[in-house]
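Q: Okay, sequence plus prediction incoming.
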Amino acid sequence: MGKETVLFKTEEKMSRKAVANLMRQVADKLDNGKVRLQKGKQETVTLKIPDQVELEIKAEKEVGKRKTKKKLEIEIEWNVGDKQDKDVFTLG
């Protein structure tokens, strides 16, 4: 397994409805083949998404000592170097 570099990360509390609206926006961008992620005015990542990707959907339950968490993870991945893959990363 290779080295992982995080290009963009954000985590915040949102209502279920706000998350659904955000996911609709991401889906529209994904359909067009280009997703731009931005946090504030300084950190921006634009990803060109190839026509063929690998989709992983996972539901998890994590039981801790004090509370139980559930997660829904949606992951889209593709190999760098595919014909249409040209990511742009900009900081500040």
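A: Nice, thanks for sending it over.

Q: so how far is Lys58 from the residue positioned nearest the centre of the chain?
A: Nearest residue to the geometric centre of the chain (Cα atoms, centre = their mean): Glu75, 6.7 Å. Using Cβ to Cβ, to the nearest Å, Glu75 is found at 8 Å from Lys58. The C-beta positions use only the backbone N, C-alpha and C, and glycine is treated the same way.

Q: what's the answer for Leu37, then?
A: For Leu37, the distance to Lys58 equals 21 Å [Cβ to Cβ].

Q: Who has more neighbours out of those two?
A: Taking other Cβ atoms under 10 Å, Leu37 and Lys58 do not tie; Leu37 has more neighbours (15 against 9).

Q: surely the more buried one meets Lys29?
A: No: counting by Cβ atoms under 8 Å, Leu37 sits too far from Lys29 to count as a contact (9.5 Å).

Q: Tell me where the chain has strands.
A: Secondary structure of the chain by DSSP state E: the strands cover 34-39, 43-48, 54-63, 68-77, 88-91.

Q: So which of those strands is the most surrounded?
A: strand 43-48 (a mean of 17; mean count of other Cβ atoms under 10 Å).
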